[in-house]
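> 3D model of this:
(chains A, B and C)
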Amino acid sequence: MTTATMDAPVIAPAVQPVPETAAEVRPKEFLIINYSGDLEKIWASMIMASTSAAMGVRTRVFVTFWGLQAFVKDDRRVTGQNWMQKMLAVMQRPGISHRKLSKMDFFGMGPWMMRKLAAQYHVASPKELLEAAQAMGVEFIPCQMTMDMFGLKPEDMIEGMGEPVGAATVIGLLTEDSVPLFI
Amino acid sequence: MTTATMDAPVIAPAVQPVPETAAEVRPKEFLIINYSGDLEKIWASMIMASTSAAMGVRTRVFVTFWGLQAFVKDDRRVTGQNWMQKMLAVMQRPGISHRKLSKMDFFGMGPWMMRKLAAQYHVASPKELLEAAQAMGVEFIPCQMTMDMFGLKPEDMIEGMGEPVGAATVIGLLTEDSVPLFI
Amino acid sequence: MTTATMDAPVIAPAVQPVPETAAEVRPKEFLIINYSGDLEKIWASMIMASTSAAMGVRTRVFVTFWGLQAFVKDDRRVTGQNWMQKMLAVMQRPGISHRKLSKMDFFGMGPWMMRKLAAQYHVASPKELLEAAQAMGVEFIPCQMTMDMFGLKPEDMIEGMGEPVGAATVIGLLTEDSVPLFI
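Coordinates of the predicted model:
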């Protein structure tokens, strides 16, 4: 059932051009492989995803490894089934509102400054951008293997995420006209 | 006026093949999304951009987030309008000649060794590669949002940069035959 | 001789579709630019490469910068010709079995936990995935410039690697239908 999510025409273009050879004239789609959980990269990912969807481009975000922690519900404090998974969650608090900068974090001072500067220049927060992206039909797809390794259950994740999929689904998208960015 | 930069045929191929369906037979273009400001990634980015341009491939470098600091003039010490922006610049000195390694920096010892090894094996410095890239027509395009958030003004940036653009321009390039790398 | 490696049809599809215009109907190929040497990124890279090859997609991994250290033989302790190169190898032990996490490494505790979790959920180790990828025909191609700068010799590298190539070969692949990820 994992492929069902991938094939659902969430943002269907109104008019499909008649294909000459099927593979080539498909409109390009956009695929973000959101690997990082750092504040600034999550921000970049959400800006790209929401902009792309707003432009009518079918947009998917495959969420994997550290990135998956950003799409855990903000109010979850400890996730995981065993002590190792719980320890990982404790050391790196999950949720999009608790991301840290990859450098100059200074125990939260860096992110606080970034958020303040963003507000001053009317740049939406990662959480707002995520909500906008979802409203515009961006599909967020978790990585099954990461879910397993971090002991994350579907109910830990934000509302509206797709079914977890594996690497094969991602390779499939890459080799059929999805333009990928690994962030 | 931001799109003017993007459409200018800086490296126009001498002969254009007759298109069957317009979108497909355009020659591929190369787009680097230069997100990182670390010495080694700036180096990778400049090697790829200058090589690509030398091969006659139209090449653009969209410079965003930490990457933007690498394209501030080398002699600027403090940039930004408010104390937060100035503090960011002080903590992470702008300019392509002042990049640090992401690991093993050791207060400049790592970069010094890298530069020494590069010189020994006749690898050009990031600054030399940047100048070569510009001479061969690589377009460097700053991210408007990052300019705003970091308080950077056009006169802070190196000579010859394009007009700042937003994410939509990047998405536009991605979905028309630009091959992207997020570095 | 560097291009020989690139053109060898390691995974030749049994049936080739008749091309209308040569460039377009080539089956897409997958190119990983493996830049990072961090455990979690090497893992991601090996999962993608082995999955892709298993799906019959021609798959190449261009190994550059920190990534190159992961493809040095596991039993090499010190590599390089001069003291700077040797020092880099000492500070960052080469070999795919000695990778460190980019964060939460805690002197090897993080990687130990990751490997334990992976074993528990039947995720193969990076070394096992590398061997599977090679068995399925993934081509691993070292970056000549990095080999030079780090003082690495072909006999330092794992068995079965291709001839070292430069950036031009990578750009060539990008602009002919290889889908790239920069990891």
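
> what parts of chain A come near chain C?
With Cβ under 8 Å from any Cβ of the partner chain as the criterion, chain A meets chain C at residues A:20-21, A:23-24, A:33, A:35, A:64-66, A:84-85, A:87-88, A:91-92, A:145, A:148-150, A:166-168, A:170-172, A:174-176, A:180, A:182. To be clear about C-beta, it is placed using only N, CA and C from the backbone, and glycine gets the same treatment.

> using ChimeraX, define a selection of the buried residues within those residues.
What follows is the ChimeraX syntax selecting those of the residues of chain A next to chain C that are buried according to 16 or more other Cβ atoms under 10 Å in any protein chain shown:
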select /A:24,33,35,64,65,66,84,85,87,88,145,148,149,150,167,170,171,172,174,175,180,182
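
> so, low pLDDT: which residues of chain A?
A:1-26 (pLDDT under 70).

> up against chain B, what does it have?
A:20, A:24-25, A:27-28, A:30, A:40-41, A:44, A:47-48, A:51-52, A:54-55, A:57, A:103-104, A:113-114, A:116-118, A:121, A:123, A:179, A:181-183.

> now, the residues you listed that are in helices?
Among the residues of chain A next to chain B, the ones falling in helices (DSSP state H) are A:40-41, A:44, A:47-48, A:51-52, A:54, A:113-114, A:116-118.

> list the beta-bridge partners for residue A:30.
Beta bridges link residue A:30 to residue A:59, residue A:179 when assigned by DSSP bridges.

> okay, now residue A:119: neighbour count?
11 (other Cβ atoms under 10 Å in any protein chain shown).

> leaving out chain neighbours, which residue sits closest to it?
Using Cβ to Cβ, 6 or more residues apart in numbering or on different chains and skipping residues adjacent in sequence, the residue nearest residue A:119 is residue A:125, 8.0 Å away.

> for that neighbour, give me its contacts.
Shown in contact with residue A:125 (Cβ atoms under 8 Å, 6 or more residues apart in numbering or on different chains): A:97, A:115, A:118-119.

> among the ones in helices among the residues of chain A next to chain B, which ones are buried?
With neighbours counted by 16+ other Cβ under 10 Å, these contain buried members at A:40-41, A:44, A:47-48, A:51-52, A:54, A:113-114, A:117-118.

> what's residue A:140 sitting at in phi/psi?
Torsion angles at residue A:140 (phi, psi; degrees, to the nearest 10) stand at phi -100, psi 120.

> you'd agree it is up against residue A:61?
Yes: counting by Cβ atoms under 8 Å, residue A:61 is a contact partner of residue A:140 at 5.0 Å.

> hang on, residue A:138 packs against residue A:48?
No: Residue A:138 is not in contact with residue A:48 according to Cβ under 8 Å; the separation is 9.9 Å.

> and what about residue A:66, helix, strand or coil?
Assigned with DSSP: H, G, I helix; E, B strand; the rest coil, residue A:66 falls in the helix class.

> which residue packs closest to it, ignoring adjacent ones?
Counting by Cβ to Cβ, 6+ apart, residue A:66 lies nearest to residue A:37, which is 3.5 Å off, once chain neighbours are set aside.

> which ones are touching the one you found?
Contacts here follow Cβ under 8 Å, 6+ apart; on that basis residue A:37 touches A:65-70, A:92, A:99.

> got it, and residue A:149?
The contact partners of residue A:149, by Cβ under 8 Å, 6+ apart, come to A:85, C:114, C:117-118, C:121, C:123.

> any idea how far residue C:69 is from it?
With distances taken as Cβ to Cβ, to the nearest Å, residue A:149 is found 24 Å from residue C:69.
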